[in-house]
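Participant: Predicted model, plus sequence, below.
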Amino acid sequence: MTEPDSTFDSTADLLGRITAQLGVQLSQMRPTGRPGRRTDAAHEYSDETRGLMSGTAPTLIAVGHGSRDPRARATLALLLDRVRELRPGLDVRLAHVELNAPLLTDTLAALTEEGGRDAVLVPLLFGRGYHVKHDLPAAAATAPAVRTRIAAPLGPHPLLVEALADRLAEAGWTPRDSASRSAAVVLAAAGSRDPESLADIRRTAALLGERLGDVPVVPAYASAATPTVPDALRLLAARGRHRIAVASCFTAPGLFATRTAAHAPWIAAAPLGAHPALARLILHRYDRSLAMPASASPRELASA
């Protein structure tokens with residue numbers, strides 16, 4: 001028995017979505033009031049519609065660090081499923097800097113074999129550290145046939161803060177804690193020797209504190225930088241803050257997320273995982289990258 005032709009089904013679905021979007025766009029066109037003049041509606045189409053029509057929307061490659069924890073890859077796969085749900089038809093792929101397959105270089109090699117499509121690398125990282133500034137450009141250089149843009153990392157951004165606050169609430173943080181003079185938060189992150197990366201984490205901590213109602217939020221690191229989580233806990237305790245939560249600035253479970261959560265004297269939030277705000281943030285970084293000049297650096301993209 002012959003299996004159904006899934007290519008036909010997917011093509012029909014694509015054409016249906018293009019037709020629906022064209023109908024919306026055409027219904028919004030304004031008449032010119034000049035008889036006999038043909039209206040060119042090309043500029044009325046959304047970017048997504050143009051991408052679907054031409055088939056040239058760049059591939060979104062979400063680049064995670066990689067982890068030996070088997071839960072990490074599965075978690076990122078769920079996150080990218082959310083991204084695909086938000087942007088049907090967009091080619092979304094997962095890659096890693098190290099430790100997990102597929103590695104970024106392998107993903108770019110596959111795109112080269114497919115004819116050298118354009119791609120946007122969206123780092124699933126939270127600051128402008130070594131991986132964003134060096135590892136991603138080095139990987140892109142191995143695939144010159146793929147025109148590659150590197151988007152800004154996920155932090156700092158209000159959507160990231162939304163996800164962090166939600167995970168804290170799920171762990172047990174309440175509005176009453178926000179009003180308490182004894183409550184505080186440690187924002188646990190991986191750490192970096194790059195000053196700009198540390199500045200990004202500090203900014204994220206400040207935004208999270210504002211969102212929680214001007215609660216003290218101290219950034220702390222699992223490696224490469226200070227203070228460590230135990231240091232941050234002692235600092236807050238010295239200020240009279242003894243009801244301290246640990247927020248997890250990690251995309252997925254792994255060694256650093258587990259190690260930092262173990263220090264929590266009260267509650268520890270789960271990693272961000274497939275939070276809806278994180279999926280929206282990935283697409284925001286992708287879209288902002290495409291809106292900027294091709295030569296724009298991650299630093300410029302982050303400030304845009």
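Facilitator: All right, it came through fine.
Participant: Just the element for residue 185, please.
Facilitator: Using DSSP states H and E, residue 185 sits in strand 183-189.
Participant: Check what contacts that strand and list those residues.
Facilitator: Strand 183-189 is contacted from outside by 126-127, 164, 168, 177, 201, 204-205, 208-209, 212, 215-222, 229, 232-233, 236, 239, 241, 243-250, 256-257, 260-261, 264, using C-beta atoms under 8 Å, 6 or more residues apart in numbering. Backbone N, C-alpha and C define where each C-beta goes, glycine included.
Participant: Tell me which residues of that strand come out buried.
Facilitator: 183, 184, 185, 186, 187, 188, 189 (16 or more other C-beta atoms under 10 Å).
Participant: That strand pairs with which strands?
Facilitator: Using DSSP bridges, strand 183-189 pairs in its sheet with strand 217-221 (parallel), strand 243-248 (parallel).
Participant: Need the CA coordinates for it. PDB is fine.
Facilitator: What follows is strand 183-189 as a C-alpha-only set of coordinates in PDB (Å, rounded to 0.1, in the frame of the first residue of the first chain):
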ATOM      1  CA  ALA A 183      12.800  38.800  50.900                       C
ATOM      2  CA  ALA A 184      15.300  39.000  48.000                       C
ATOM      3  CA  VAL A 185      16.400  37.100  44.900                       C
ATOM      4  CA  VAL A 186      19.700  35.800  43.700                       C
ATOM      5  CA  LEU A 187      19.800  35.600  39.900                       C
ATOM      6  CA  ALA A 188      22.000  32.600  39.100                       C
ATOM      7  CA  ALA A 189      23.800  32.600  35.700                       C
END
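Participant: give me phi/psi at residue 119?
Facilitator: phi -150, psi 150 (degrees, to the nearest 10).
Participant: Who are the contact partners of it?
Facilitator: 58, 59, 60, 61, 108, 111, 146, 147, 148, 149.
Participant: Quickly note the distance from the residue nearest to it when sequence neighbours are not counted to residue 159.
Facilitator: Using C-beta to C-beta, 6 or more residues apart in numbering and skipping residues adjacent in sequence, the residue nearest residue 119 is residue 59, 4.5 Å away. Applying C-beta to C-beta, to the nearest Å, the value for residue 59 to residue 159 is 22 Å.
Participant: same thing with residue 170?
Facilitator: 17 Å.
Participant: Compare those two (neighbour count), which wins?
Facilitator: Neighbours per residue, other C-beta atoms under 10 Å: of residue 170 and residue 159, the larger number sits with residue 159, 20 against 12.
Participant: mean confidence score for stretch 61-81?
Facilitator: Averaging pLDDT along stretch 61-81 yields 94.
Participant: picking that back up, among the strands paired with strand 183-189, which is nearest residue 76?
Facilitator: With distances scored as C-beta to C-beta, the stretch of these nearest to residue 76 is strand 243-248 (14.8 Å).
Participant: Name the residues that touch that closest one?
Facilitator: Strand 243-248 is contacted from outside by 164, 167-168, 171-173, 177, 180, 182-188, 208, 217, 229, 233, 236-237, 257, 260-261, 263-272, using C-beta under 8 Å, 6+ apart.
Participant: Now with 7 Å, please.
Facilitator: For strand 243-248, the external contacting residues (C-beta atoms under 7 Å, 6 or more residues apart in numbering) are 164, 167-168, 171, 173, 177, 180, 182-188, 208, 229, 233, 236, 257, 260-261, 263-272.
Participant: quick one: contacts of the very next helix or strand once past that strand?
Facilitator: Heading C-terminal from strand 243-248, the first helix or strand you meet, by DSSP H and E, is helix 255-261. Residues outside helix 255-261 that contact it (C-beta under 7 Å, 6+ apart) are 67, 69, 188, 190, 222, 229, 246, 248, 250, 268, 271.
Participant: from memory the second one sits against residue 253, does it?
Facilitator: Going back to what we said before, that points to residue 69. Yes. Under the criterion of C-beta atoms under 7 Å, residue 69 makes contact with residue 253 at 5.3 Å.
Participant: show me where pLDDT drops low in the stretch 151-300 of the chain?
Facilitator: 294-300 (pLDDT under 70).
Participant: how deep is residue 101 tucked in, by neighbour count?
Facilitator: If you count neighbours by other C-beta under 10 Å, residue 101 ends up with 11.
Participant: Check it and give its pLDDT.
Facilitator: Confidence score, pLDDT, at residue 101: 82.
Participant: And residue 184, how close does it get to residue 168?
Facilitator: 12 Å.
Participant: Can you report phi and psi for residue 132?
Facilitator: The phi/psi pair for residue 132 (degrees, to the nearest 10) is phi -70, psi -40.
Participant: same question, residue 63
Facilitator: Torsion angles, degrees, to the nearest 10, at residue 63: phi -110, psi 110.
Participant: What's opposite it in the beta bridge?
Facilitator: residue 95, residue 123.
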